[in-house]
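1. coordinates for the following, if possible.
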Amino acid sequence: MITPNYLKPGDTIAIVSTARKVSKEELKHGLQLLKKWGLKPLFGKTIEAQLHQFAGDDALRTEDFQDMLNNPDVKAIWCARGGYGTVRMVDGLDFSVIKKHPKWIVGYSDITVLHSHIHNLGIETIHAEMPSLTHKRSEETANSIKKVLFGEEYKISFPSKEKELTLIGKASGQLVGGNLSVLYSILGSNSSVRPDGKILFIEDLDEYLYHIDRMMQSLKRSGFLQNLSGLIVGGMNDMNDNTVPFGKTAEEIIFEAVSEYEYPVCFNAPAGHITDNRALIMGRNITLEVTETKTSLVF
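-> Got it, this is the predicted structure:
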């Protein structure tokens, strides 16, 4: 995998939206962080643009992202927010420039489309909080983005969840994944990753429990889960249930789908739609170690 150049003070980082509409007011805290880090923000044309729920129409969102890919002064692109819409514009992008001159793409949730698509081009990306939400997250959330962008030494450790939902072990492999619903939605497309021998990360928000099961069963039946090196599960929060309960938590549903496999599995990772949303370097070869009490990720 190719690692884009790390940033240094004075570099320009573009802010665009590939999905939901966003205002400059919502980006104030994110801009403060960039200035604190010595970086120069550059707003794209999608900021303040609006077409129903989108940050402008598909053509505008495609053009805006393409302009930032092509701009040699832009060293990284920070997606302003998620929602829905990236899948509608990804096929209109020409990635030939980023193949020659890689730059960091940063974001999560709906941005999973870009993480997966760009992974297939052999370039690392950063799964991390968006500038529209940094004010709602932990201090460590912002610090983790800075550490990764500037190439500082980086690792994550956190307590393992209850023993019944843990498969202990140690594994290495390229980190792939992101939002479970998005991974499910792009399965079979040219944006879907080939996960064999890799460590998969998943997270999700505001889904019905039966749909978590549907997605996990679909991934399992397609062979997506069979030959992983490891599985990391982040935030699975604000789940919904039917009047007649499904009978399992999201974590239990996921564990049931993968428990027959022999790779390490951990829950409780500080990443996703949660207060402590640490940056993850997608495509990076990492070491995952899961014990009964602690899980560690070394990038």
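2. going forward, measure contacts and count neighbours with C-alpha atoms only.
-> Will do.
3. pLDDT score for the nearest residue to His135 once chain neighbours are set aside?
-> Spatial nearest neighbour of His135, chain neighbours left out: His29 (5.9 Å); criterion: CA to CA, 6 or more residues apart in numbering. Listed pLDDT for His29 reads 96.
4. ok, Ile13 next?
-> At Ile13, pLDDT is 98.
5. roughly how far is the strand or helix carrying it from the heart of the chain?
-> In the assignment (DSSP states H and E), Ile13 maps to strand 12-16. With CA atoms, centre = their mean, to the nearest Å as the basis, strand 12-16 stands 18 Å off its chain's centre.
6. tell me the contacts of Ser17?
-> 44, 46-47, 55, 61, 65, 79-82 (CA atoms under 8 Å, 6 or more residues apart in numbering).
7. what about the residues you listed, which are in helices?
-> 61, 65 (DSSP state H).
8. how about JSON lines for the contacts of Ser17, with pLDDT, neighbour count and distance to Asp11 added?
-> Formatted as JSON lines, these follow (pLDDT from 0 to 100; neighbours: other CA atoms under 10 Å; distance: CA to CA, whole Å):
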{"residue": "Gly44", "pLDDT": "98", "neighbour count": "20", "distance to Asp11": "16"}
{"residue": "Thr46", "pLDDT": "98", "neighbour count": "27", "distance to Asp11": "21"}
{"residue": "Ile47", "pLDDT": "98", "neighbour count": "22", "distance to Asp11": "20"}
{"residue": "Ala55", "pLDDT": "98", "neighbour count": "25", "distance to Asp11": "25"}
{"residue": "Arg61", "pLDDT": "98", "neighbour count": "29", "distance to Asp11": "23"}
{"residue": "Phe65", "pLDDT": "98", "neighbour count": "25", "distance to Asp11": "18"}
{"residue": "Cys79", "pLDDT": "98", "neighbour count": "24", "distance to Asp11": "17"}
{"residue": "Ala80", "pLDDT": "98", "neighbour count": "32", "distance to Asp11": "18"}
{"residue": "Arg81", "pLDDT": "96", "neighbour count": "27", "distance to Asp11": "21"}
{"residue": "Gly82", "pLDDT": "97", "neighbour count": "22", "distance to Asp11": "24"}
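9. can you list the contacts of Ser17 in JSON lines and add distance to Leu225?
-> Output for the contacts of Ser17, formatted as JSON lines (distance: CA to CA, whole Å):
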{"residue": "Gly44", "distance to Leu225": "37"}
{"residue": "Thr46", "distance to Leu225": "36"}
{"residue": "Ile47", "distance to Leu225": "37"}
{"residue": "Ala55", "distance to Leu225": "34"}
{"residue": "Arg61", "distance to Leu225": "33"}
{"residue": "Phe65", "distance to Leu225": "32"}
{"residue": "Cys79", "distance to Leu225": "28"}
{"residue": "Ala80", "distance to Leu225": "31"}
{"residue": "Arg81", "distance to Leu225": "28"}
{"residue": "Gly82", "distance to Leu225": "25"}
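10. circling back to that earlier point, could you give the angle of the helix or strand containing the residue nearest to His135 to strand 12-16?
-> Per DSSP H and E: His29 is located in helix 28-36. Helix 28-36 and strand 12-16 are oriented at 170 degrees to each other (axes from the mean of the first three to the mean of the last three CA atoms, to 10 degrees).
11. so the protein: which segments form each domain?
-> Annotated domains of the chain cover 12-149, 155-298 [automatic domain parsing].
12. please look at Asp238 and Glu207 and confirm they touch.
-> Yes: between Asp238 and Glu207 there is a contact at 7.5 Å, judged by CA atoms under 8 Å.
13. who's more crowded, these two?
-> More crowded of Asp238 and Glu207, by other CA atoms under 10 Å: Glu207, with 16 against 11.
14. what's the neighbour count on the closest residue to the more buried one other than its chain neighbours?
-> Excluding the flanking residues, the one nearest Glu207 by CA to CA, 6+ apart is Met239, at 5.2 Å. Residues lying near Met239 (other CA under 10 Å) number 14.
15. check contacts around Met239.
-> Counting by CA under 8 Å, 6+ apart, Met239 has contacts 205-209, 250.
16. do the same with Ile2
-> Ile2 makes contact with 102, 122-124, according to CA under 8 Å, 6+ apart.
17. who wins on neighbours among those?
-> Result: Glu124 is most packed of the contacts of Ile2 (other CA under 10 Å), 27 neighbours.
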